[in-house]
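S.K.: Okay, structure incoming, though there's no sequence with it:
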């Protein structure tokens, strides 16, 4: 398929000119009428040949005729040339080359005189790339960086001022090209449009080519962004603070530019809720991704992917995983700014390569990082390192490096374990602020969300702090201050090492994948929630068996589910009088259950309570996985308390075993004997070869100092 069409006529033969209007142009439009827009808008160039046979006045008149012809046929270029005298032939060939190499019809609709949707998406991403301060404007420095990167040229201050005067000249009340002395996105498009007006198609295309777009405006994510670096045991990927700032500013710009929702509990139409509507959410991705390109927000509330973290080898089958986005029940639901960030934090821990790729497509390019940062291990490993004395490092003798300090954590990963059908997945759904599938109604009307037993369910990425009130994911409400008193009392231990607010994500592990999770996924766990079913002794035995196989230093708590089968749902306190609230029953209601179930539940609670008290573990909490979510606030408070002080979640028996193991290692006769023999041998060798050792050490120190002085600026190391 041709990139452009050239029509040649003889300036001395009138019939050849008439054939252009009467035959060739109509024929071209007829042939291309059923083609797509990009193919239908082929660039047409009309050449008036044999201008050497005309006098100057005739050439000027021919030029005016072509100019009138162009005005009546949008998108057609025309010029006079002479093949014999080679007049304007070079210009004609250059024009044909530019049209073929920089196809204007791909980026600009010559009929509507507007940039194509694909071009707007590409230019918006380029705009975001250079908008480093994320203010939705390009200041002078950012414009200079854009010009230098795309055109390999400097942009002087006088040229920038001339550009701004041009934008002010073209600005209208409906099209603002300059704001706060900075260029808007529409202003950038105006500059590209002005280049097209003077037939300089290279300007917009050079910007596109330099930003890795091809001739069809397709953008391929670099291979290095489709994979992530390997992590050490216990490490995890987290969303970087710079990426959080970028995403929040994207949300605020989309909030400003789209329909803003009105708070349901407000009588004032000006009281707007700061959240993303479905329209705003689509605008964020529609301007950066191609139509139909998948992203995690396409099919709420669950994003279906695979648990790549537990891949043992290439022959192992993928484990399906559903990532539940907090507070987002269906495609038309509003997403609060808090939950918008929560979603990205959750994806960073479950699918970091996807987060890198999406951020790059949204324009997060010229930043300090790729949007991710690596943690320094699990929370409980940080807790143990805090109690170790700093060890002497021989490297400090030569390099004077600062001792490594664990970086503050932003996310906490919690795994929910237990037998099948105890409500692990429903527990995660509730913590995500959503009603689990199959309870009262589907999550989305007309849509069924099955919960296969072999699927890992990840969600509940809730934002919390060590303050008296904490944010409940998906709402603007806060829990009562009394709920968090216990957490505040213990916040002094790990609070400096958890960036506030930090994010808790929960993973429900099916029994079918428990052993595989123990092999590989356990290293990415900060806390184990062992769940059993109220009134089901077998489920408690299964939870206790799993608890025995956990590492000695992994914090854990016990949670009983389906308490609504034992205890009637609590009535809303707002609908009760003070006297009636005091008389609300808190003990099991045997009238609604068989006596056998009630008896088994009492025996079960006696057993687990005795065990947790003997081991010094947190109190057992009971939750309901029905719509009311009874007991979830209390359970979440216990989880947060253990996360702040992990030692509270380690059984006393395990703590004693860890101390004994450490002590036995130090008291092992073989270790002591080997150490003594090694020290004596080293002492003898140093005495015997004292001069050689001294010379060798002096040479090593001298060479190291010389190397550091050679590789570092003068005076930087102070050696």
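M.R.: Ah, there it is. Quantities reported herein were computed from a predicted structural model and do not represent experimental measurements. Numbering: from 1, shown residues only.

S.K.: gap between residue 24 and residue 279?
M.R.: According to C-beta to C-beta, to the nearest Å, residue 24 stands 46 Å off from residue 279. (Each C-beta comes from the backbone N, C-alpha and C, glycine too.)

S.K.: what's the answer for residue 145, then?
M.R.: 32 Å.

S.K.: what about the two, which has more around it?
M.R.: Between residue 145 and residue 279, counted using other C-beta atoms under 10 Å, residue 145 has the larger neighbour count: 17 against 14.

S.K.: give the contact list for that one.
M.R.: Residue 145 sits next to 130, 132, 366 when contact means C-beta atoms under 8 Å, 6 or more residues apart in numbering.

S.K.: ok, residue 374 - how many residues close by?
M.R.: Neighbour count for residue 374, taken as other C-beta under 10 Å: 16.

S.K.: Quick one: residues contacting it.
M.R.: Contact analysis of residue 374 by C-beta under 8 Å, 6+ apart lists 229, 231, 235, 236, 237, 238.

S.K.: Same list (the residues you listed) but as JSON lines, adding distance to residue 357 and neighbour count.
M.R.: What follows is the contacts of residue 374, written out as JSON lines (distance: C-beta to C-beta, whole Å; neighbours: other C-beta atoms under 10 Å):
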{"residue": "229", "distance to residue 357": "15", "neighbour count": "10"}
{"residue": "231", "distance to residue 357": "18", "neighbour count": "16"}
{"residue": "235", "distance to residue 357": "21", "neighbour count": "17"}
{"residue": "236", "distance to residue 357": "18", "neighbour count": "27"}
{"residue": "237", "distance to residue 357": "13", "neighbour count": "24"}
{"residue": "238", "distance to residue 357": "17", "neighbour count": "24"}
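
S.K.: Between these, which sits nearest residue 429?
M.R.: Checking the contacts of residue 374 against residue 429 with C-beta to C-beta, the nearest one is residue 236 at 22.7 Å.

S.K.: can I assume that closest one is in contact with residue 350?
M.R.: No: look at residue 236 against residue 350 with C-beta atoms under 8 Å: they stay out of range, at 9.9 Å.

S.K.: Name only those of the contacts of residue 145 that count as buried.
M.R.: Buried subset of these (neighbour count, 16 or more other C-beta atoms under 10 Å): 130, 132.

S.K.: At which residues are the helices of the stretch 151-300 of the chain located?
M.R.: Under the criterion DSSP state H, counting those that start in this stretch, the stretch 151-300 of the chain carries helices at the ranges 157-170, 185-197, 202-210, 241-257, 278-286.

S.K.: Which one of these lies nearest to residue 616?
M.R.: helix 241-257 (36.4 Å).

S.K.: could you say what helices and strands that closest one packs with?
M.R.: With contacts taken as 3 or more C-beta pairs under 8 Å, 6 or more residues apart in numbering; DSSP states H and E, helix 241-257 sits against strand 275-276, helix 278-286, helix 337-350, helix 352-362.

S.K.: and if we set it to 7 Å?
M.R.: If contacts are counted by 3 or more C-beta pairs under 7 Å, 6 or more residues apart in numbering; DSSP states H and E, helix 241-257 sits against strand 275-276, helix 278-286, helix 337-350.

S.K.: The longest one to helix 278-286, inter-axis angle?
M.R.: Taking axes from the mean of the first three to the mean of the last three C-alpha atoms, to 10 degrees, helix 337-350 and helix 278-286 form an angle of 40 degrees between their directions.

S.K.: list the helices and strands helix 337-350 packs on?
M.R.: Applying 3+ C-beta pairs under 7 Å, 6+ apart, we find helix 337-350 packed against strand 237-239, helix 241-257, strand 320-324, helix 352-362, strand 409-418, strand 456-464, strand 498-508.

S.K.: same deal with the second one?
M.R.: Applying 3+ C-beta pairs under 7 Å, 6+ apart, one finds that helix 278-286 contacts helix 241-257.

S.K.: and the helix it packs on, how far out from the chain's middle?
M.R.: A distance of 12 Å separates the centroid of the chain from that of helix 241-257, by C-alpha atoms, centre = their mean, to the nearest Å.

S.K.: Go through it and flag the buried ones.
M.R.: By 16+ other C-beta under 10 Å, the buried positions in helix 241-257 come out as 242-244, 246-255.

S.K.: Which two among these are spaced furthest apart?
M.R.: Using C-beta to C-beta, the buried residues of helix 241-257 span at most 20.4 Å, a distance reached by 242 and 255.

S.K.: quick revisit: please name whichever of the helices of the stretch 151-300 of the chain is nearest to residue 178.
M.R.: Per C-beta to C-beta, nearest to residue 178 of the helices of the stretch 151-300 of the chain: helix 157-170, 4.8 Å.

S.K.: Return the angle between stretch directions for the closest one and helix 185-197.
M.R.: Using the same axes, to 10 degrees: helix 157-170 against helix 185-197 is 90 degrees.

S.K.: Need the contact partners of helix 157-170.
M.R.: 140, 143, 177, 178, 183, 187, 190, 191, 194 (C-beta atoms under 7 Å, 6 or more residues apart in numbering).

S.K.: Reformat the buried residues of helix 241-257 as JSON lines; add pLDDT and distance to residue 11.
M.R.: Listed next are the buried residues of helix 241-257 as JSON lines, based on pLDDT from 0 to 100; distance: C-beta to C-beta, whole Å:
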{"residue": "242", "pLDDT": "87", "distance to residue 11": "62"}
{"residue": "243", "pLDDT": "90", "distance to residue 11": "62"}
{"residue": "244", "pLDDT": "88", "distance to residue 11": "65"}
{"residue": "246", "pLDDT": "92", "distance to residue 11": "58"}
{"residue": "247", "pLDDT": "92", "distance to residue 11": "60"}
{"residue": "248", "pLDDT": "91", "distance to residue 11": "63"}
{"residue": "249", "pLDDT": "90", "distance to residue 11": "58"}
{"residue": "250", "pLDDT": "90", "distance to residue 11": "56"}
{"residue": "251", "pLDDT": "90", "distance to residue 11": "60"}
{"residue": "252", "pLDDT": "89", "distance to residue 11": "59"}
{"residue": "253", "pLDDT": "88", "distance to residue 11": "54"}
{"residue": "254", "pLDDT": "88", "distance to residue 11": "55"}
{"residue": "255", "pLDDT": "87", "distance to residue 11": "59"}
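
S.K.: Now render those residues as JSON lines, adding distance to residue 112.
M.R.: Below are the buried residues of helix 241-257 laid out as JSON lines (distance: C-beta to C-beta, whole Å):
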{"residue": "242", "distance to residue 112": "38"}
{"residue": "243", "distance to residue 112": "36"}
{"residue": "244", "distance to residue 112": "39"}
{"residue": "246", "distance to residue 112": "32"}
{"residue": "247", "distance to residue 112": "33"}
{"residue": "248", "distance to residue 112": "35"}
{"residue": "249", "distance to residue 112": "31"}
{"residue": "250", "distance to residue 112": "28"}
{"residue": "251", "distance to residue 112": "31"}
{"residue": "252", "distance to residue 112": "31"}
{"residue": "253", "distance to residue 112": "26"}
{"residue": "254", "distance to residue 112": "25"}
{"residue": "255", "distance to residue 112": "29"}
